[in-house]
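Asks: Pasting a predicted model and its sequence here:
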Amino acid sequence: MLRFIIKRHCTVLEGKFLDETASKQVIKNIVYGALALQHAPVGKQHASQEQEEGEASQDEGEDQPQQSTATQHPPLWWLFRQVSYLAKNQGGVVRRQAALQLLAALSSKLGVQAVDDMLTFVIEPLFRVSAGKEVGYEANELKPLVSEVIELIEALVGTDRFYEVYNAVRDAAEANRKRRRADLASEAIANPEKHAQRKVAKSGARKRKAEKTKASKENGDVVPGKFKKKPKR
């Protein structure tokens with residue numbers, strides 16, 4: 001039941017009318033639920049894990065590492081995975097900022113031991129923006145908050161551990177990018193008609209994305225980051 005309630009709150013972050021006030025309350029509720037679930041008996045934590053693994057593939061991000069269904073995941077992996085996806089998926093600055101704030105709050109409240117196994121999920125959306133893999137209006141609006149969250153996570157887990165995972169995320173993203181390029185090159189030779197259709201569809205998607213970004217900017221779809229930066233030494 002608790003897991004169901006947390007998931008329903010996550011869907012609120014995807015709502016069309018999400019604002020700063022609502023996102024703050026949702027973040028508080030999810031963190032409270034996560035803390036309660038973390039301290040639940042182990043049997044209850046893993047009771048529905050097989051079902052979660054079957055559903056999780058629907059929310060796979062393009063640079064998301066594949067998870068083996070035979071692996072016993074940490075109790076809250078599904079939550080970090082879902083919030084990470086919300087933070088990476090373009091199309092809503094308020095939603096992405098709320099997701100980044102939630103990742104930071106979860107990491108801070110749950111502690112380093114609970115979060116260490118989920119660091120990949122935390123760092124993936126941070127990497128996309130901080131490394132310049134994503135550009136445009138949304139990325140520019142997210143950069144200040146991303147920098148604050150990076151400082152918080154690095155202080156929590158330590159610099160060595162942070163950059164160990166950060167570099168692993170970077171390597172995985174680069175490997176996936178090379179594989180996609182190779183697949184497209186093969187497709188252009190083996191099936192030029194399909195390749196041409198894909199290019200047309202991609203061009204249309206870029207146009208729609210630009211229009212959506214412009215509309216978000218005109219509507220002031222921005223929530224400033226709320227995490228206090230560490231003082232410079």
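Replies: Sure, I can see it. Numbers count the residues shown, from 1 in each chain.
Asks: top helix in this structure by residue count?
Replies: As assigned by DSSP state H, the longest helix anywhere in the chain is helix 159-190.
Asks: Output the contacting helices and strands for that one.
Replies: On a contact count with 3 or more C-beta pairs under 8 Å, 6 or more residues apart in numbering; DSSP states H and E, helix 159-190 meets helix 119-130, helix 137-157, helix 192-218. All C-beta atoms are positioned from the backbone trio N, CA, C, and that covers glycine.
Asks: Give me the distance between the residue nearest to the spatial centre of the chain and Phe127.
Replies: Centroid-nearest residue in the chain, with C-alpha atoms, centre = their mean: Ser84, separated by 2.0 Å. Per C-beta to C-beta, to the nearest Å, Ser84 is found 11 Å from Phe127.
Asks: hmm, back to that, was I right about the residue nearest to the centre of the chain contacting Arg128?
Replies: No: using C-beta atoms under 8 Å, Ser84 makes no contact with Arg128, being 10.4 Å away.
Asks: ok so, going back, pull out the buried residues from the longest helix of the chain.
Replies: Across helix 159-190, burial judged by 16 or more other C-beta atoms under 10 Å covers Phe162, Val165, Tyr166, Val169, Arg170, Ala172, Ala173.
Asks: of these, closest to Pro74?
Replies: Of all those, Val165 has the smallest distance to Pro74: 14.6 Å, by C-beta to C-beta.
Asks: helices and strands of this protein: which one bottoms out on pLDDT?
Replies: Counting by mean pLDDT, DSSP states H and E, the weakest-scoring helix or strand in the chain turns out to be helix 49-56, with a mean of 49.
Asks: now the helix or strand following that one: how far from the chain's centre is it?
Replies: Note on helix 49-56: by DSSP states H and E, the next helix or strand toward the C-terminus is helix 77-88. Centre-to-centre, helix 77-88 and its host chain are 5 Å apart (C-alpha atoms, centre = their mean, to the nearest Å).
Asks: Show me what the following helix or strand past helix 77-88 is packed against.
Replies: Using DSSP H and E, the helix or strand that follows helix 77-88 in sequence is helix 93-110. Helix 93-110 sits against helix 20-38, helix 77-88, helix 119-130, helix 137-157, with contacts defined as 3+ C-beta pairs under 8 Å, 6+ apart.
Asks: Which positions in the first one come out as buried?
Replies: Buried positions in helix 20-38, judged by neighbour count with 16+ other C-beta under 10 Å: Ser23, Val26, Ile27, Ile30, Val31, Gly33, Ala34, Leu37, Gln38.
Asks: likewise the longest one?
Replies: Burial within helix 137-157, assessed by neighbour count using 16+ other C-beta under 10 Å, is assigned to 137-139, 141-142, 145-154, 156-157.
Asks: burial measure for the nearest residue to Leu152 once chain neighbours are set aside, as a count.
Replies: Distances taken as C-beta to C-beta, 6 or more residues apart in numbering place Ala104 nearest to Leu152, at 5.3 Å, with adjacent residues excluded. If you count neighbours by other C-beta atoms under 10 Å, Ala104 ends up with 24.
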